[in-house]
Each structure stands twice: as C-alpha cells, then as structure tokens.
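Visitor: Following is a predicted model, sequence given first.
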Amino acid sequence: LGVVMPHGVLFRGGAEGRIRECLIKSDQLDAIIGLPPNLFYSTSIPACLLIFKATKLPVHQGHVLFIDGSKRFTKGRNQNYMDEADIGAILSAYREDGDGGKDETVLARRVLHADIEANGWDLNIGRYLKTGAAETLDVPTALAALREAQAKLHVAETKLDERLKAAGYA
C-alpha cells in the first residue's frame with residue numbers, strides 16, 4: 001500500500017507521533033520516499049510516499065527504508081514534474097534496497113527501528129540521510145561565501161538607493 005502525505009506527518013508530535021510509533025512497532029511501514037516540491041496541483045509543499053507491507057521480507061523486518069528523491073524532477077512553469085527517468089531512479093533505489101548507488105541524486109538507507117525509537121519516532125528523512133554537502137561542511141569556505149554574498153547585497157542596495165534618489169523617491 002502506498003499513501004501520499006505531506007512531510008509534516010513524519011515529525012509532528014502528539015497523536016501523529018503515537019501513530020508513527022504504532023506503525024513502526026507493527027513493522028508494516030516498509031519505506032518512506034521523499035518527493036520534490038510543487039509536484040501536485042493543490043499545493044507547492046513537498047510530499048512523501050509511505051509504503052506499507054503487511055508482510056516484509058525477513059531481511060527487511062525491524063527496518064524502514066528511507067529514500068530521498070526530492071532532487072529528481074524537472075522544473076515546470078507552474079508545476080514541477082517527474083519523468084520516467086526520475087521515477088525509475090527512485091524505483092531502482094527502492095528495489096535495490098538503497099544499495100544501488102547508481103544515481104547520486106537519490107539517497108537511500110535502511111534504518112533500524114531502534115535508531116528511529118532513539119530519535120523519538122521522528123521519521124524526518126533528513127535525520128537519516130545526509131547529503132554530501134552537509135557531511136563536508138567547511139566553515140571557513142562557508143563564511144567566505146557569506147561575506148561575498150553580503151558584499152554583493154551591499155552593492156545592489158547602494159545602486160537601488162541611487163536609482164530611487166534619481167527618480168525622486170528618496
């Protein structure tokens with residue numbers, strides 16, 4: 001069974017947290033697949049697929065497969081879309097149990113229930129799948145990029161002020 005849900009169900013507390021705990025303890029939640037933003041007509045927020053299996057393979061029992069497919073899409077004018085290659089990359093990660101490694105834009109990892117329990121039943125995909133950029137954070141380089149961006153912002157603000165004065169607005 002596959003269910004499309006907003007990402008909030010993965011981490012909100014209260015009753016939703018208790019529902020997640022129950023689903024995990026029943027060992028029927030097989031996978032969580034993060035989808036790109038602006039994929040559906042009614043909302044621009046990213047969604048996820050929750051994949052349930054009544055009976056998991058023995059090797060999958062006690063685990064949940066996390067897949068981040070949020071980078072696999074084509075930007076549309078009013079709405080993003082996924083083509084067959086995007087869907088195929090995510091499906092491949094699911095079928096290969098996250099071990100495929102063929103597509104660097106789709107991250108996947110099977111996580112033990114004990115690890116999820118240790119995180120308070122939080123199923124936020126980013127908690128279990130780290131992007132390469134997050135793993136190799138270089139603070140001096142990031143600070144230099146920030147300073148450069150701030151300098152460019154200052155130049156742009158100065159030009160805007162000059163144009164507003166020339167037009168009689170300031």
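Guide: It's in.
Visitor: ranges for the strands of this structure?
Guide: Counting by DSSP state E, the chain has strands at residues 2-6, 29-34, 47-52, 63-68, 107-112.
Visitor: Make JSON lines out of those and add distance to residue 153 and mean pLDDT.
Guide: Using the backbone N, CA and C atoms, a C-beta is placed for each residue, glycine as well. As requested, the strands of the chain are exported to JSON lines (distance: least, Cβ to Cβ, whole Å; pLDDT from 0 to 100):
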{"stretch": "strand 2-6", "distance to residue 153": "33", "mean pLDDT": "92"}
{"stretch": "strand 29-34", "distance to residue 153": "32", "mean pLDDT": "94"}
{"stretch": "strand 47-52", "distance to residue 153": "33", "mean pLDDT": "94"}
{"stretch": "strand 63-68", "distance to residue 153": "31", "mean pLDDT": "94"}
{"stretch": "strand 107-112", "distance to residue 153": "32", "mean pLDDT": "92"}
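Visitor: Redo the ones you listed as JSON lines? Include mean neighbour count and distance to residue 145.
Guide: Below are those laid out as JSON lines (neighbours: other Cβ atoms under 10 Å; distance: least, Cβ to Cβ, whole Å):
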{"stretch": "strand 2-6", "mean neighbour count": "11", "distance to residue 145": "32"}
{"stretch": "strand 29-34", "mean neighbour count": "23", "distance to residue 145": "26"}
{"stretch": "strand 47-52", "mean neighbour count": "19", "distance to residue 145": "30"}
{"stretch": "strand 63-68", "mean neighbour count": "24", "distance to residue 145": "24"}
{"stretch": "strand 107-112", "mean neighbour count": "19", "distance to residue 145": "24"}
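Visitor: Among those strands, which comes closest to residue 77?
Guide: Minimum separation from residue 77 across the strands of the chain (Cβ to Cβ) falls at strand 47-52, 19.7 Å.
Visitor: ranges for the helices of the protein?
Guide: Here the chain has its helices, by DSSP state H, at 15-25, 84-95, 113-118, 125-128, 132-135, 139-166.
Visitor: how many neighbours does residue 13 have?
Guide: Per other Cβ atoms under 10 Å, the neighbour tally for residue 13 reads 11.
Visitor: Quick check on it: phi, psi?
Guide: phi -90, psi -160 (degrees, to the nearest 10).
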